[in-house]
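Undergrad: Fold the following.
(one chain, ligands or ions: 1)
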Amino acid sequence: MNRTEGHVVLLTGASGQLGRWTLRELARRNCRKVHAWSGRKAGSFEGFVLEPVVLEDRPAVQCRLDEIRPDIVIHTAAMSAADEVRQHPEQGRLINEEATRTLAQWCESHGSRMVYTSTDLVFDGSKAFWTEDDAPGPLLEYGRTKARSEGFVTATKLGLVARIALLFGPTLTGKPSFWSGCMDAFRKGESRTIFTDEFRTPLDYVSAAEMLCELAMEHPDKTGVIHLGGPERMSRFELIRRSAIASGFDASLIRPALSAETPMPEPRPRDVSLSSEKLDIWLPDRVRRSPERIAQGRTSSES
Ligand SMILES: NC(=O)c1ccc[n+]([C@@H]2O[C@H](COP(=O)([O-])OP(=O)(O)OC[C@H]3O[C@@H](n4cnc5c(N)ncnc54)[C@H](OP(=O)(O)O)[C@@H]3O)[C@@H](O)[C@H]2O)c1
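TA: Here you go, the predicted model:
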């Protein structure tokens, strides 16, 4: 038995894209005392029952926290679609900011570890390879809600903000992600138009889930902010093109476009690639998979 198997773990957003991969990683680690909170979805996954808990309902959340008393909280739940936050800013504020505050305050007063998933979109996109010491300056309302919520977590003794880059990989939710939606389209011979002038350090879901669990459970001393990005800076176009070619799809189905020339309801950051310098020091042995590996289904850490 490893030393984290006995911990009570709360995973919020367990029904989401990243949440499901994280639940799978918790199962792989033999963590059995896991509370898997969803928003609305019921059912079970990887042997864990999903428990719908509406995070804006502060008294209900506090009451449930007092009952389950988690040692470790991995908080991935969010209104994660930038367009939805733009259209429903108050709801976005309640879910992304206030719910994070509630969880962080409970963790602080009970001595629990909290790891919170923030985003590369807290930056304004004006340069490459953002470090943990760079000041956030979000352009999107979504990024503003995430940037404002980070402080609730960093104010706690055992809190860690993991700013995550654009995630990619197969979906476990039945609902397509940006990446899996593109791959599904190419499989059917449909084309997709992708921006060539937006740069990220894309990270696959498996590696993200592994790093979140490792940081949450094995390194309670690591607090503050960490950037979890992939090993390479690339455009969205490059990510999708490489993945499509590795999957054997026709690369001509990917149509290049310029974000700078496309009318958008909110300005979009051009380059939010993340520096991995601190991550390489904190988790030097951690594998992060390439688009080719993910596209070919080679997700094990050896393949
Ligand atoms: N996807 C990316 O590329 C990316 C990049 C950087 C950072 N992140 C961050 O990573 C985290 C996970 O993102 P994701 O793409 O996996 O998100 P997602 O697929 O949209 O999942 C969101 C999760 O939050 C839950 N949720 C939403 N509203 C809720 C509410 N009011 N009360 C309780 N739970 C609620 C959803 O539950 P139901 O579906 O059951 O309602 C779902 O489980 C988020 O914090 C996001 O900001 C994502």
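Undergrad: What segments of the stretch 201-303 of the chain are strands?
TA: 203-204, 224-228, 234-235, 254-257 (DSSP state E, counting those that start in this stretch).
Undergrad: what about Ala36, distance to the ligand?
TA: Applying CB to the nearest ligand atom, to the nearest Å, the value for Ala36 to the ligand is 9 Å. C-beta: built from backbone N, CA, C; applies to glycine.
Undergrad: So that residue, which state does it fall into?
TA: The local conformation at Ala36, judged by DSSP: H, G, I helix; E, B strand; the rest coil, is strand.
Undergrad: contacting residues for it?
TA: 11, 14-15, 19, 23, 45, 48-51 (CB atoms under 8 Å, 6 or more residues apart in numbering).
Undergrad: Of all the strands of the stretch 201-303 of the chain, which one is nearest Arg101?
TA: strand 224-228 (17.0 Å; CB to CB).
Undergrad: Now tell me what touches the closest one from outside.
TA: By CB under 8 Å, 6+ apart, strand 224-228 touches 120, 130-132, 150, 154, 160-165, 203, 208, 211-212, 215, 274-276, 278-279, 282.
Undergrad: Now, these that are in helices?
TA: Judged by DSSP state H, the contacts of strand 224-228 include 150, 154, 208, 211-212, 215, 278-279, 282 as members of helices.
Undergrad: Do a quick rundown of the strands in the stretch 51-200 of the chain.
TA: Using DSSP E, counting those that start in this stretch, strands in the stretch 51-200 of the chain cover 72-75, 113-119, 159-164, 167-168, 192-195, 199-200.
Undergrad: Figure out which of these is closest to Asp250.
TA: strand 192-195 (11.6 Å).
Undergrad: CA atoms only for that closest one, dumped as CSV, please.
TA: Extracted in CSV, the C-alpha atoms of strand 192-195 (Å, rounded to 0.1, in the frame of the first residue of the first chain):
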residue,chain,number,x,y,z
ARG,A,192,-12.0,21.8,-40.0
THR,A,193,-10.6,25.4,-40.1
ILE,A,194,-7.9,25.9,-37.4
PHE,A,195,-5.9,29.0,-36.4
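Undergrad: about what we covered before: so which pair among the ones in helices among the contacts of strand 224-228 is furthest apart in space?
TA: The widest separation within the ones in helices among the contacts of strand 224-228 (CB to CB) is 19.9 Å, between Thr154 and Ala208.
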